[in-house]
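> What follows is a predicted protein model with its sequence.
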Amino acid sequence: MIFFTLGTEQYPFQRMVDAADLVAAALPEEEVFVQIGTHPAPPKLARHERWLSYPDFAARIRDARVVVTHAGAGSLLSCAWIGKVAVTAPRRHQFGEHVDDHQTELAARMAELGHALLGETAEELARLVLEYDVETAELLGRGRSSPTLPAALDRYLDQIGERRR
């Protein structure tokens with residue numbers, strides 16, 4: 001199963017929905033599931049639900065071969081804690097996906113720590129999913145386990161906070 005999550009933001013995220021449909025078209029034998037939240041239009045090919053409870057969300061992450069997520073802290077940290085290297089696309093202000101571009105900083109940091117692969121366009125996200133190698137992703141995330149991740153992110157978020165004050 002390939003799990004896409006748009007999170008709980010009030011803004012649409014068409015790039016992610018388009019990526020899910022591209023993957024569903026390329027892999028008709030594999031389940032592609034999207035948690036769409038408030039996004040106005042469901043995917044055309046992929047299965048979807050608007051909301052998942054956190055236990056269901058975590059189970060989807062655990063059971064997925066690949067997780068594709070917006071760059072929200074809760075989603076990215078959940079992937080890291082469960083041991084998944086996520087394919088991620090930060091929501092962008094220029095596309096009306098968020099109020100600013102703060103997700104780009106978190107996505108870049110998670111990629112530096114080995115917990116994310118970054119894509120911008122629907123086509124890039126789909127390519128990352130289609131070329132995803134579970135063994136390579138596991139090696140990428142290894143050694144940067146959940147006990148060290150929160151401390152590293154706390155330090156990083158403190159640094160960002162200092163620059164914005």
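It's in. Numbering: from 1, shown residues only.
> Show me which positions of the helix or strand containing residue 110 end up buried.
Using DSSP states H and E, residue 110 maps to helix 102-112. Buried residues in helix 102-112, counting neighbours by 16 or more other C-beta atoms under 10 Å, are found at 102, 103, 104, 105, 106, 107, 109, 110, 111. (C-beta placed from N, C-alpha, C; glycine too.)
> which residues are contacting it?
Helix 102-112 has contacts (C-beta atoms under 8 Å, 6 or more residues apart in numbering) with 70-73, 76, 80, 86, 88-92, 116-118, 153, 156, 160.
> now, which of those residues lie within strands?
Residues of the contacts of helix 102-112 located in strands (DSSP state E): 70, 86, 88, 89, 116, 117, 118.
> before we move on, the earlier item: name the member of the buried residues of helix 102-112 with the shortest distance to residue 10.
residue 103 (14.4 Å; C-beta to C-beta).
> And the pLDDT for the closest one?
Among the per-residue scores, residue 103 holds a pLDDT of 86.
> out of the ones in strands among the contacts of helix 102-112, what pair is the most spread apart?
So, the ones in strands among the contacts of helix 102-112 by C-beta to C-beta: farthest apart are 70 and 117, at 13.8 Å.
> More neighbours: these two, which one.
residue 70 (27 against 23; other C-beta atoms under 10 Å).
> For residue 78, see how far away the residue nearest to the more buried one when sequence neighbours are not counted is.
Of all residues not flanking residue 70 in the chain, residue 7 sits nearest, at 4.8 Å (C-beta to C-beta, 6 or more residues apart in numbering). Distance of residue 7 to residue 78, given as C-beta to C-beta, to the nearest Å: 11 Å.
> Neighbour count for these two, which is higher?
Neighbour totals were compared for residue 7 and residue 78, and residue 7 leads with 24 against 21 (other C-beta under 10 Å).
> Since that was my last question, I'll sign off now.
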